[in-house]
Structures are given as structure tokens and as C-alpha cells.
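K.L.:
here are the coordinates; sequence isn't available:
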């Protein structure tokens, strides 16, 4: 109909868009909302309503919040993977000078032990493996551990208690 406030924002080739918004918010509420907005704000409002309505149809309990939470968890996992890859790069970069100088490669497990009697450093043990000062930059999280909890890491690695289903 001419003068319909919905016509510019709900094209006839996308009937599900209006159906979802109507189902979740109600046509009269959307009409009131659009009439209260300036014309240049209406398209953004309709797009937001349509997105939330679609999310509510898919997940009636959490809606957009469920999608946002899922994406935040995915970013967290990917950041953890990136941190692990960066740690590997640092470790591998440290092995190149050692191998070039004829020393044994860098072994972070041995490096983290306080008193190791292995290595070619002579009296008092230590030597290469006992020296923790290799000129490497400090790990981004300092000495206080990683930013995620052990419990969360155990769950991500499949060692935690139940739960952890998909969202």
C-alpha cells in the first residue's frame, strides 16, 4: 500500500524478514518504533530488528547474545592457538643460533627445571641448559601463568568434567 511505513525496509522478495520481525516484536510495536525515529535512522533500526528476530527464531532463549558468546569463545580459542604458535616460533628461533654454534637445540622442558645436571657448562652443572637467560623476550603473560584458568584449559583439551556442549 502507498504510504506503508514498512515498504521501504521489508522488500517483497524477503518475506521471511518481515515475518520474523512481526513474530518476535509485533507489527504495532515496530510501527511505533519506526514512527519515533528520524527517516535516516529507520533502515539501521529495521536491520537490527531483523537480525535480532532471526537470532531469536533460531535460539529463543539467547538470541543475539548466544551468537556473540559463541564468537567470543571462538576468538578466545583462536587467541590461545596464536599464543601457542608464537611460543613455538620463539622456541624454534632460539634453536637456530644454538645449532649454528654447535650447541644442542633449545629444550624448554629442560630450561624450565631449576637444577639440571645436564649440559656442557662444566663445574656446577647448568651450562647451556641451566642458563635461563638466553636473550629471549619475556613471555607476554609474565611469570604469573596464562590468562585462562587451568580448568578452562582442561575442558578445551578434553580433560575436564562433563558439559561444554555446543551453543
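P.N.:
Structure's in. What do you need? What you are looking at is a predicted structure, and each value in this text was computed from that prediction instead of being measured. Residues are numbered from 1 along each chain as shown.
K.L.:
how about low-confidence regions in the chain?
P.N.:
98-100, 103-167 (pLDDT under 70).
K.L.:
Relative to residue 96, how far out is residue 89?
P.N.:
Distance, residue 89 to residue 96, by C-beta to C-beta, to the nearest Å: 11 Å. For every residue, glycine as well, the C-beta is placed using N, CA and C.
K.L.:
How about residue 26?
P.N.:
On the measure of C-beta to C-beta, residue 26 and residue 96 end up 66 Å apart.
K.L.:
Give me the buried stretch members for the helix or strand residue 96 falls within, please.
P.N.:
For residue 96, the host element (DSSP states H and E) is helix 64-100. By 16 or more other C-beta atoms under 10 Å, the buried positions in helix 64-100 come out as 66-67, 80, 83, 94.
K.L.:
Identify, from those, the entry nearest to residue 41.
P.N.:
residue 67 (23.6 Å; C-beta to C-beta).
K.L.:
so what's the closest one up against?
P.N.:
Shown in contact with residue 67 (C-beta atoms under 8 Å, 6 or more residues apart in numbering): 55, 59.
K.L.:
change it to 6 Å
P.N.:
residue 55 (C-beta atoms under 6 Å, 6 or more residues apart in numbering).
K.L.:
separation between it and residue 16?
P.N.:
Distance of residue 67 to residue 16, given as C-beta to C-beta: 18 Å.
K.L.:
Could you count how many residues lie near residue 31?
P.N.:
13 (other C-beta atoms under 10 Å).
K.L.:
what does residue 2 give?
P.N.:
4.
K.L.:
Kindly report the same for residue 56.
P.N.:
If you count neighbours by other C-beta under 10 Å, residue 56 ends up with 19.
K.L.:
next one: phi and psi at residue 37?
P.N.:
phi -90, psi 160 (degrees, to the nearest 10).
K.L.:
Next, find the distance separating the closest residue to it other than its chain neighbours from residue 35.
P.N.:
Excluding its sequence neighbours, the residue lying closest to residue 37 (C-beta to C-beta, 6 or more residues apart in numbering) is residue 45, at 5.7 Å. Distance of residue 45 to residue 35, given as C-beta to C-beta: 11 Å.
K.L.:
Between the two, point out the one with more neighbours.
P.N.:
More crowded of residue 45 and residue 35, by other C-beta under 10 Å: residue 45, with 16 against 9.
K.L.:
residue contacts, residue 59?
P.N.:
Contacts for residue 59 were tallied using C-beta under 6 Å, 6+ apart; they are residue 66.
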